[in-house]
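Trainee: Give the three-dimensional model of this entry:
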Amino acid sequence: MFLKGYRMVDMCWMGGGPFTAQVLGDLGFDVIKVMEVPKASSGRRGGRSTGSLIAEHNGIQMSHYRFGIRNARSIMLDLKSKEGLEVFHRLIEKTDVITEGFRPGVADRLGVGYEALRQINPGLVYAAITGYGQTGPYRDKPGHDVNFESIAGFIGMNGKAGGPPVVTGGLVADFAAGSMSAVTHILAALLRREKTGQGAYCDVSLTDAVFEANGTAIGPYLGSGVEMQRGEMYFSGFWPFNDVYETRDGAYLSLGAWEPYFFKNLCEAVGREDLVDIQWSVERRDYVRAELTALFKTRTQAEWVALFEPVDACVTPVNSPAQAANDPQMRARSMVVELENPLHGKVPMVGSMFKLDGQPLEARHWMNYPGEHTGMVLQELGYSEGEVADLQAQGFVR
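Mentor: As a prediction, this is how the structure comes out:
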């Protein structure tokens, strides 16, 4: 395990927080997920007070990321009780990183804010992961991925020219931008701590992360005062050589032949050398797009993929989730792995993006039940079996 020896406490409920913990768990952190002992549900957390290994969605069984992450252990504490808070504070004494996703101010009221915890552990790296950050007029507003992407101008740029904005298929704010921002914050803070011994408070905003990632759209406006329009940016629909095209079987191909070399190879492969010299003609781009649209509808996706296999032209299939999961590149890169599930035996799941020293990171064990490791962790903190049993009997831990 690449970063074995670091301990992380994750207090986030859903979205970017748990994925941040999963990434660091893949890197070797000892991740302990702290969940609240359930009370009557208010419906603000999906109407559920407890979680499970498997959830149903449209009849499909799926791993429920809200309640567990791989390579982690789970404990349940009543943080509103003196006894539960004492357990938490003892845990923090031996923790390197904590992540929390409360609204601003809530962690302080619970006694688990940065100022309280740094008194216990001055070297603690504390990451508060929220939708809008700890400052600004939106700091107390609720939101989800679609809201954060919208505020950051990301969804506004998705879609065809003249059409409506389109909700993204992936969780860009939570996963692609936000959690990677949190991971970077945390690792940077740990690097500084290695030199200075000083902990850090990381104010991670999912909206900030999407806004920065959307710099290719926002940057030109800031520089010129001219706002680019949806579907008309150079890389999002303006040029026909950077677009998606439907095939005869209703599937799609993506074309990214920016360089003249790639576009020339494409045109030669399909017998349309007449298009080579007008690749960069603004006046004739609609003509080129119409010709390519008609062309790609003459064969199936699989036929086009086979034709372009030996050609340097930047043509790829637009994969469905099933196609992506079975794509030979993803399989070769260990992006699909198998783990032992206590209910279903070996099951496939998405692997880690990290490849270090030539090897993919290891997915060591499956997601957890809430509170599955409470007794184990408390005993590691010095509690006796009798003390653990007493805390559990009184409902301070579970």
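
Trainee: who's in contact with the strand or helix carrying residue 291?
Mentor: In the assignment (DSSP states H and E), residue 291 maps to helix 285-296. Outside helix 285-296, the residues that touch it by Cβ atoms under 8 Å, 6 or more residues apart in numbering are 238-241, 243, 245-247, 253, 255, 270, 272, 275, 278-279, 281, 304. C-beta: built from backbone N, CA, C; applies to glycine.

Trainee: what comes up buried for it?
Mentor: Using 16 or more other Cβ atoms under 10 Å as the test for burial, helix 285-296 gives 285, 288, 289, 291, 292, 296.

Trainee: Next one: the third one relative to residue 295, how far apart?
Mentor: If I follow you right, that is residue 289. 11 Å (Cβ to Cβ, to the nearest Å).

Trainee: picking that back up, could you dump the buried residues of helix 285-296 into a markdown table with pLDDT and distance to residue 111 added?
Mentor: Output for these, formatted as a markdown table (pLDDT from 0 to 100; distance: Cβ to Cβ, whole Å):
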| residue | pLDDT | distance to residue 111 |
| --- | --- | --- |
| 285 | 95 | 61 |
| 288 | 98 | 64 |
| 289 | 97 | 60 |
| 291 | 98 | 67 |
| 292 | 98 | 62 |
| 296 | 98 | 61 |
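
Trainee: Out of those, which is nearest to residue 211?
Mentor: Taking Cβ to Cβ as the measure, residue 211 lies nearest residue 285 of the buried residues of helix 285-296, at 29.7 Å.

Trainee: what's near enough to touch residue 167?
Mentor: Here residue 167 is in contact with 146, 155, 158 (criterion: Cβ under 8 Å, 6+ apart).

Trainee: Sort out for me which of these are in helices.
Mentor: Judged by DSSP state H, the contacts of residue 167 include residue 146 as members of helices.

Trainee: avg pLDDT for the top helix by length along the chain?
Mentor: Criterion DSSP H: the longest helix present in the chain is helix 180-196. When pLDDT is averaged over helix 180-196, the result is 98.

Trainee: Same check on stretch 8-24?
Mentor: 91.

Trainee: Over to stretch 308-328?
Mentor: 97.

Trainee: Show me how far that stretch is from its chain's centre.
Mentor: 23 Å (Cα atoms, centre = their mean, to the nearest Å).

Trainee: And it, end to end?
Mentor: Terminal residues of stretch 308-328 are spaced 16 Å apart (Cα to Cα, to the nearest Å).

Trainee: who touches that stretch?
Mentor: With Cβ under 8 Å, 6+ apart, stretch 308-328 has contacts from 244, 251-258, 261-263, 265-266, 269, 301, 304-305, 330, 336, 348.

Trainee: can you confirm residue 35 is in a strand?
Mentor: Yes - per DSSP: H, G, I helix; E, B strand; the rest coil, residue 35 lies within a strand segment.

Trainee: Surely it touches residue 76?
Mentor: Yes - with contacts counted by Cβ atoms under 8 Å, residue 35 reaches residue 76, the gap being 5.0 Å.

Trainee: what do these two both touch?
Mentor: 370, 371.

Trainee: Using the three-state scheme, assign the most centrally placed residue in the chain.
Mentor: For the chain, the residue nearest the mean C-alpha position is residue 175 (1.6 Å; Cα atoms, centre = their mean). For residue 175, the assignment made with three-state DSSP gives helix.

Trainee: Name the nearest residue to it, ignoring sequence neighbours.
Mentor: Spatially, and ignoring its direct neighbours in sequence, residue 175 is nearest to residue 19 (5.3 Å; Cβ to Cβ, 6 or more residues apart in numbering).

Trainee: so who does that neighbour touch?
Mentor: By Cβ under 8 Å, 6+ apart, the contact list for residue 19 reads 65, 69, 174, 175, 179.

Trainee: Which one (most neighbours) among the residues you listed?
Mentor: When those are compared by neighbour count (other Cβ atoms under 10 Å), residue 179 ends up highest, at 28 neighbours.

Trainee: Of the contacts of residue 19, which is the nearest to residue 128?
Mentor: Using Cβ to Cβ, residue 179 comes nearest to residue 128 of the contacts of residue 19, at 13.8 Å.

Trainee: For that closest one, list the residues it contacts.
Mentor: 16, 17, 19, 20, 23.

Trainee: before we move on, back to that, only whichever of the contacts of stretch 308-328 are buried, select them in PyMOL.
Mentor: In PyMOL syntax, the buried subset of these is picked out as below (16+ other Cβ under 10 Å):
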select buried, resi 251+252+253+255+257+262+263+265+266+269+301+304+305+330
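
Trainee: Which ones among the contacts of stretch 308-328 map onto helices?
Mentor: Using DSSP H, the contacts of stretch 308-328 in helices are 261, 262, 263, 265, 266, 269, 301, 304, 305, 330.

Trainee: For those residues, give me JSON lines that also has distance to residue 8.
Mentor: Below are the ones in helices among the contacts of stretch 308-328 laid out as JSON lines (distance: Cβ to Cβ, whole Å):
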{"residue": "261", "distance to residue 8": "46"}
{"residue": "262", "distance to residue 8": "43"}
{"residue": "263", "distance to residue 8": "47"}
{"residue": "265", "distance to residue 8": "48"}
{"residue": "266", "distance to residue 8": "47"}
{"residue": "269", "distance to residue 8": "50"}
{"residue": "301", "distance to residue 8": "43"}
{"residue": "304", "distance to residue 8": "46"}
{"residue": "305", "distance to residue 8": "42"}
{"residue": "330", "distance to residue 8": "27"}
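
Trainee: Return the residues in contact with the most far-flung residue of the chain relative to its centre.
Mentor: For the chain, the largest distance from the centre (Cα atoms, centre = their mean) belongs to residue 274, which lies 43.5 Å off. By Cβ under 8 Å, 6+ apart, the residues touching residue 274 are residue 267.
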